[in-house]
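[1] output the structure for:
(chains A and B)
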There are 2 protein chains.
Amino acid sequence: MLRLFPPPGGTLPVADTYADPGWPAPGPERPYVALNMVSTVDGKVAVGGGAAGIGSQADHALMRQLRARADAVMTGAGTLRAEDYSSKVPERYVPERLARGQSAQPLAVIVSGSGQLPADRPLFWGAGFARALVTGQRGAVAVDPAQAKHLQLVVAGEETVDLAVGLRLLRAEHGVRWLLGEGGPHLNHSLLAAGLVDELFLTFAPKLVGSAGPTIVEGPPFQLAGAIPLTLLAAYADGSELFFRYRVHHLL
Amino acid sequence: MLRLFPPPGGTLPVADTYADPGWPAPGPERPYVALNMVSTVDGKVAVGGGAAGIGSQADHALMRQLRARADAVMTGAGTLRAEDYSSKVPERYVPERLARGQSAQPLAVIVSGSGQLPADRPLFWGAGFARALVTGQRGAVAVDPAQAKHLQLVVAGEETVDLAVGLRLLRAEHGVRWLLGEGGPHLNHSLLAAGLVDELFLTFAPKLVGSAGPTIVEGPPFQLAGAIPLTLLAAYADGSELFFRYRVHHLL
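    Have a look, this model is predicted:
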């Protein structure tokens, strides 16, 4: 892996790139939140219906490093519906997690307004890690009882999900200090619009797909004549694939 | 400006970054074609209806450098409709253009299927540069006669525009060796799908807009399960703004 930014550049093993992202200790109100996404150079997050085909082995290795540092990995239920998704980290990361006082596996947090999760996702329903469902009161009463016994229920909001409340509960009642958000684009939008995101990790895959999917953030414009500013914290290259780390500033 | 890639990194004045992009001499069949676009980190090319608000002063400086090296600057008629657009380069570039045997200003090439161009665009209809309209036979008969006398007509295709033919005519009959494409997204898609693009310059503006516009390439997927591969040629940073140069490979 080439380090491009900040200078001076240099080379480092992929395994060291995000081995310690240096995330700060969060305050009591919510976890420290980083998003991790992969897009093509023309901004698309999906090829043929899923993100799995976009990134390289290096991308997957960095994703696992970030997950290994997180207390929880959050995704929207749409991601779970789109692919057989798991946020489990390889066994080799478990000793260092335990040594840091973390659970063996990050808490798998699913956000769903409806409370209805697909049952045919073995990787998500598999053994060895805890799961939480963040949903509103409407969704909470709709959860399949057979699924509910495998889920920690985080009720935040009424008709819709109040993500600020959900993150506060994850911090206060589930001990989540560092939360990695893995999309999809609409969940990213909701988190960003509510000022709940601290960092963005983005893999920039060296390809153009035309239009085969949404972008990393989908929803209404954040401001009529503005945008959420980012500060570049780091940039790496593996061949022609680029890896960015940005600080996300808050409009609020 | 920081040079990030290829290594070793270093600093250089903005004015030197693309002062000589080293574009090769093209063959007889078409010009050497580079696209130049700006997008936000969430892949959007427009904020509030135009791209003008996305890039910084450094972005604009690099755009002028690339235009100053090009024999022609091509845009879709939609860009002309969306903003008061001009591809003229500042006077200070004129002596070096003349010394290289180029016209004082790049040929302004507009692509339009309908042949109908807005009249209320003073920057485009202004003095001091030549204009060409690439259109099909259907569009050619619809051109406003008052506008036609200010345009070199390049008739390529019948009902629709055949860009391969258009580029061949620009090369053979108008002497265009290096053509800079400035979008929009649908024209980019057509050029890429036809295998007519050699390079992509992309400014990556450090902001997230949610969804306020299309991406740099808009149209159907290039392939059901594939994409056009890119090779990273160079990367620069000005603060948190990034500038990429990619080689575009051909699927054909």
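[2] so which residue is smack in the middle of chain A?
    Of all residues in chain A, the one closest to the mean position by C-alpha atoms, centre = their mean is A:G181, 1.8 Å from it.
[3] correct me, but that residue touches A:P31?
    No: taking contact to mean C-beta atoms under 8 Å, the distance of 10.0 Å between A:G181 and A:P31 leaves them out of contact. From N, CA and C alone the C-beta is placed, and that goes for glycine too.
[4] hang on, the earlier thing: mind listing what the residue nearest to the centre of chain A touches?
    Shown in contact with A:G181 (C-beta atoms under 8 Å, 6 or more residues apart in numbering or on different chains): A:V33, A:A34, A:L35, A:N36, A:V73, A:M74, A:T75, A:L187, A:N188, A:L191, A:V197.
[5] what do you get if the cut-off is 10 Å, keeping everything else the same?
    Contact partners of A:G181, counting by C-beta atoms under 10 Å, 6 or more residues apart in numbering or on different chains, are A:31, A:33-37, A:70, A:72-76, A:109, A:111, A:187-188, A:191-192, A:196-197, A:199-201.
[6] so the helix or strand where A:L66 lies, near chain B or not?
    Element membership of A:L66 [criterion: DSSP states H and E] is helix A:57-69. No: contact between helix A:57-69 and chain B, assessed by C-beta under 10 Å from any C-beta of the partner chain, is absent, since the two come no nearer than 13.7 Å.
[7] rounded mean pLDDT for that helix, please.
    What helix A:57-69 shows for mean pLDDT is 96.
[8] do the same with stretch A:181-193
    Stretch A:181-193 shows a mean pLDDT of 95.
[9] show me where chain A has helices.
    Ranges of helices in chain A, per DSSP state H, are A:14-17, A:57-69, A:77-82, A:94-99, A:122-125, A:137-140, A:145-148, A:163-174, A:185-193.
[10] so where's the stretch 1-150 of chain A uncertain?
    Counting by pLDDT under 70, the stretch 1-150 of chain A contains low-confidence ranges at A:47-52.
[11] in chain A, which strand is the longest?
    Using DSSP state E to assign secondary structure, the strand with the most residues in chain A is strand A:228-238.
[12] so what are the sheet partners of that strand and their directions?
    Each strand pairing with strand A:228-238, determined using DSSP bridges, is listed with its direction: strand A:2-5 (antiparallel), strand A:241-248 (antiparallel), strand B:207-208 (antiparallel).
[13] residue contacts, A:S240?
    When the contact criterion is C-beta under 10 Å, 6+ apart, the partners of A:S240 are A:41, A:56, A:204-207, B:5, B:229-233, B:235, B:244, B:246-247.
[14] and these, which of them are buried?
    Using 16 or more other C-beta atoms under 10 Å in any protein chain shown as the burial test, the contacts of A:S240 include A:41, A:56, A:204-207, B:5, B:229-230, B:232-233, B:235, B:244, B:246-247 as buried.
[15] closest one of those to B:A156?
    Out of these, the one with the shortest distance to B:A156 is B:R247. That distance is 25.7 Å, counting by C-beta to C-beta.
[16] contacts only, for the residue lying closest to the closest one once chain neighbours are set aside.
    Using C-beta to C-beta, 6 or more residues apart in numbering or on different chains and skipping residues adjacent in sequence, the residue nearest B:R247 is B:T231, 4.3 Å away. Contacts for B:T231 (C-beta under 10 Å, 6+ apart) come out as A:P206, A:G239, A:S240, B:E199, B:R245, B:Y246, B:R247, B:V248, B:H249.
[17] the fourth one pairs with what?
    Residues in a beta bridge with B:E199, per DSSP bridges, are B:A34, B:R247.
[18] ok now do it, which residues does it touch?
    In this structure, B:E199 makes contact with B:21, B:23, B:32-36, B:66, B:180-181, B:230-231, B:233, B:245-248, judged by C-beta under 10 Å, 6+ apart.
[19] what number of residues lie near the residue nearest to A:M63 when sequence neighbours are not counted?
    Closest residue to A:M63 apart from its sequence neighbours, by C-beta to C-beta, 6+ apart: A:N36 at 6.1 Å. Counted with other C-beta atoms under 10 Å in any protein chain shown, the burial measure for A:N36 works out to 22 neighbours.
[20] is it true that A:N36 touches A:V197?
    No: using C-beta atoms under 10 Å, A:N36 and A:V197 do not qualify as a contacting pair, with a distance of 11.1 Å.
[21] just to revisit the earlier point, which of the helices of chain A sits most buried?
    Ranked by mean neighbour count, those are led by helix A:185-193 with a mean of 22 (mean count of other C-beta atoms under 10 Å in any protein chain shown).
[22] kindly report the residues of the stretch 1-150 of chain A close to chain B.
    Within the stretch 1-150 of chain A, the positions near chain B by C-beta under 10 Å from any C-beta are A:2-11, A:35, A:37, A:39-45, A:47-48, A:53-54.
[23] out of those residues, name the ones that lie in strands.
    Judged by DSSP E, the residues of the stretch 1-150 of chain A next to chain B include A:L2, A:R3, A:L4, A:F5, A:G10, A:T11, A:L35, A:M37, A:S39, A:T40 as members of strands.
[24] with adjacent residues omitted, what lies nearest to the first one?
    What it means is A:L2. For A:L2, the nearest residue in space outside its immediate sequence neighbours is A:A237; the separation is 4.4 Å by C-beta to C-beta, 6+ apart.
[25] what are the bridge partners for that neighbour, then?
    Listed by DSSP bridges, the beta-bridge partners for A:A237 are A:L2, A:L242.
[26] ok, A:H186 to A:A19 distance?
    31 Å (C-beta to C-beta, to the nearest Å).
[27] ugh, wrong one, I meant A:G76
    When distances are taken as C-beta to C-beta, A:G76 and A:A19 turn out to be 28 Å apart.
[28] in terms of neighbours, single out the busier of the two.
    In this comparison of A:G76 against A:A19, neighbours counted by other C-beta under 10 Å, the higher total goes to A:G76 at 23 against 15.
[29] next up, the contacts around that one.
    A:82, A:110-113, A:134, A:161, A:181-188, A:190.
[30] again with A:G10
    In this structure, A:G10 makes contact with A:M1, A:L2, A:R3, A:L4, B:P7, B:P8, B:G9, judged by C-beta under 10 Å, 6+ apart.
[31] please apply the same query to A:T11.
    A:M1, A:L2, A:R3, A:Y236, B:P7 are the contacts of A:T11 under C-beta under 10 Å, 6+ apart.
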